[in-house]
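Asker: Provide a 3D model corresponding to the input given below.
(2 chains)
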Amino acid sequence: ETGVTQTPRHLVMGMTNKKSLKCEQHLGHNAMYWYKQSAKKPLELMFVYNFKEQTENNSVPSRFSPECPNSSHLFLHLHTLQPEDSALYLCASSQERNTEAFFGQGTRLTVV
Amino acid sequence: EDQVTQSPEALRLQEGESSSLNCSYTVSGLRGLFWYRQDPGKGPEFLFTLYSAGEEKEKERLKATLTKKESFLHITAPKPEDSATYLCAVVGSSNTGKLIFGQGTTLQVKP
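Answerer: The predicted structure is shown next:
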């Protein structure tokens, strides 16, 4: 059982749909992250939250909207996505911002 | 700009054939270098953190080393279950909290 849980594991959505990805960490960490992993590309950092405050937005399009209600939960709200947004979306957490991050199993998103 | 390059992109080994994976990095003020293992369709699994040149960490058949310009992940007598993609990432002083990843090395170990 991983310390970082993501739901759903798989998601297929149309370009006009609205959906949300959920992440929960059971490690007592203070920082949480969203990463995007596309085929043949390095992991791309999307958002960073430290003590529930967003500290990084890596030029992510507004069709991706993060929410961090507390230090244990992180959401990624999706709306009007494009087919090129299809990827594996990974959530991670760390005790502090410069320490090792622990990842969830990811959500495989397909936009049709 | 902080950058990480991993080589080779893919590596095929016979069971028991030792080898090394390379991670070259350019970073302003290294705060930490991290190695992860990723199996297909799963999230990366943390392996090691290295903080300063000369540091070494070991776990079973894996050993990670660090110099001022690169890190190596040595795999001794690999087994088929070591097959995975190995990712390297760095955090620098100019990008605190931001892991910069390389593209990974996909390792296949044949029995």
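
Asker: now do the contacts for B:His74.
Answerer: B:His74 makes contact with B:18-20, B:62-65, according to Cβ atoms under 8 Å, 6 or more residues apart in numbering or on different chains. (C-beta placed from N, C-alpha, C; glycine too.)

Asker: what strand or helix carries it?
Answerer: strand B:70-75 (DSSP states H and E).

Asker: would you mind listing what in chain A touches chain B?
Answerer: A:2, A:4, A:6, A:31, A:33, A:40-43, A:45, A:48, A:50, A:55-56, A:58, A:88, A:90, A:92, A:97-106, A:108 (Cβ under 8 Å from any Cβ of the partner chain).

Asker: picking up where we left off before, most neighbours of all the contacts of B:His74, which one?
Answerer: Of all those, the highest neighbour tally under other Cβ atoms under 10 Å in any protein chain shown goes to B:Ala64, namely 24 neighbours.

Asker: quick check: that one touching B:Leu47?
Answerer: Yes. With contact defined as Cβ atoms under 8 Å, B:Ala64 counts as touching B:Leu47 (7.2 Å).

Asker: can you pull the residues that touch both of those two?
Answerer: B:Trp35.

Asker: hmm, back to that, please spell out the PyMOL selection for the buried subset of the residues of chain A next to chain B.
Answerer: Buried residues among the residues of chain A next to chain B (16 or more other Cβ atoms under 10 Å in any protein chain shown), as a PyMOL selection:
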select buried, chain A and resi 4+6+31+33+42+43+45+48+50+56+88+90+92+97+98+99+100+101+102+103+104+105+106+108
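
Asker: need the contact list for residue 66.
Answerer: Unless you meant another one, I'm taking chain A. Here A:Pro66 is in contact with A:34, A:46-47, A:49, A:54, A:74-77 (criterion: Cβ under 8 Å, 6+ apart).

Asker: wait, chain B
Answerer: Per Cβ under 8 Å, 6+ apart, neighbours of B:Leu66: B:33, B:50-56.
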